[in-house]
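**Q** what follows is a protein structure lacking sequence information:
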């Protein structure tokens with residue numbers, strides 16, 4: 001493979017493992033599970049995943065319904081050229097030496113669908129379905145990669161919220177906090193322990209608690225509760241699944257706990273929310 005390329009396919013079951021180009025993974029139908037070393041990601045209609053070149057991963061799709069993917073891969077030569085132009089401008093946004101592409105490491109994480117990258121993924125999928133000319137493809141790859149680099153620059157700025165003095169230390173702590181967040185997103189229905197998720201990020205429990213709250217405005221427990229209640233709201237509005245079954249499905253073993261947290265976060269009981 002020598003050029004950029006797009007994978008725009010549908011499947012109910014699929015497995016692949018290996019490493020590839022710098023890439024962005026998105027799914028407009030269904031979901032896919034990615035394993036990257038000890039990290040786990042669930043990618044669906046609400047988010048997209050960015051992985052660096054040479055990152056080894058395992059992709060699994062196993063669904064009763066069709067899963068639709070739109071994934072873009074950037075060749076190393078193309079990335080090196082674009083990064084070099086970023087360095088040669090007045091905007092010194094990246095720290096890496098453009099002459100050594102191997103030094104470019106974007107923040108690998110699940111990003112929520114919002115902003116320029118999401119808009120370009122949506123328009124790219126639409127254009128791919130209709131068919132793009134070669135020059136249109138060339139422009140699309142440039143626009144998307146520039147949007148990804150700009151997004152990465154914003155993530156770098158977020159690291160300044162950390163207390164560490166060294167920039168390299170701040171970036172590493174940021175990566176580890178994001179690993180934990182993405183792991184929670186994939187496993188929030190499970191009975192997680194603070195010690196276990198701290199291990200995912202190679203952090204102490206106290207370090208995780210302090211820095212997670214600094215970035216996301218909530219402790220890991222509060223973040224898990226938010227994810228569970230958000231899913232409960234969707235399930236309550238979608239059908240007539242018994243409330244007790246919904247509570248179990250999202251990770252609660254006690255109806256009283258589920259009702260308490262649901263009312264605390266929404267201002268009403270699950271049954272009141274369903275009836276509104």
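**A** Here it is on my side, so go on. What you see is a predicted model, and the numbers here were worked out from it, not measured in a lab.
**Q** and after the longest helix seen in the chain, which helix or strand comes next?
**A** Ranked by number of residues, the top helix in the chain under DSSP state H is helix 134-158. Per DSSP states H and E, the first helix or strand lying C-terminal to helix 134-158 is helix 167-187.
**Q** what residue ranges in the stretch 51-200 of the chain score low on pLDDT?
**A** Within the stretch 51-200 of the chain, the stretches with pLDDT under 70 are 87-104, 162-165.
**Q** circling back to that earlier point, just the angle between the longest helix of the chain and helix 167-187, please?
**A** 110 degrees (axes from the mean of the first three to the mean of the last three Cα atoms, to 10 degrees).
**Q** my read is that residue 55 contacts residue 39, right?
**A** No. Under the criterion of Cβ atoms under 8 Å, residue 55 makes no contact with residue 39, lying 10.1 Å away. No exception for glycine: its C-beta is placed from N, CA and C like everyone else's.
**Q** if we can go back for a sec, other residues contacting the longest helix of the chain?
**A** For helix 134-158, contacts defined as Cβ atoms under 8 Å, 6 or more residues apart in numbering pick out 4, 24, 50, 72, 74, 78-79, 82-83, 86, 93-95, 106-107, 109, 111, 115-117, 120-121, 124, 127, 132, 171, 174, 215.
**Q** which of those are buried?
**A** Among the contacts of helix 134-158, those classed as buried by 16 or more other Cβ atoms under 10 Å are 4, 24, 50, 72, 74, 78-79, 82-83, 86, 94, 106-107, 109, 111, 117, 120-121, 124, 171, 174, 215.
**Q** hang on, residue 72 in a helix?
**A** No. According to DSSP: H, G, I helix; E, B strand; the rest coil, residue 72 belongs to no helix; its state is strand.
**Q** residue contacts, it?
**A** 4, 5, 6, 23, 24, 121, 124, 141, 144.
**Q** can you tell me how far residue 161 is from residue 51?
**A** 24 Å (Cβ to Cβ, to the nearest Å).
**Q** between those two, which is the more surrounded one?
**A** residue 51 (23 against 11; other Cβ atoms under 10 Å).
**Q** how far away is the more buried one from residue 139?
**A** Separation of residue 51 from residue 139 (Cβ to Cβ): 23 Å.
**Q** where do the strands sit along the stretch 1-150 of the chain?
**A** Secondary structure of the stretch 1-150 of the chain (DSSP state E, counting those that start in this stretch): strands located at 5-7, 10-19, 22-29, 32-36, 39-43, 47-51, 56-74, 109-112.
**Q** return the set of residues that bridge with the residue minimising distance to the centre of the chain.
**A** Centroid check for the chain by Cα atoms, centre = their mean gives residue 110 as the closest residue, at 0.9 Å. Legend: beta-bridge partners of residue 110 under DSSP bridges are residue 49.
**Q** roughly how far apart are it and residue 36?
**A** 11 Å.
**Q** what does residue 156 give?
**A** Distance of residue 156 to residue 36, given as Cβ to Cβ: 21 Å.
**Q** how many neighbours does residue 268 have?
**A** 13.
**Q** so when I look at it, I'm seeing a strand, right?
**A** No. Residue 268 is assigned coil when assessed by three-state DSSP, not a strand.
**Q** what's the nearest residue to it if we skip its chain neighbours?
**A** residue 276 (7.3 Å; Cβ to Cβ, 6 or more residues apart in numbering).
**Q** this completes my enquiry, with thanks.
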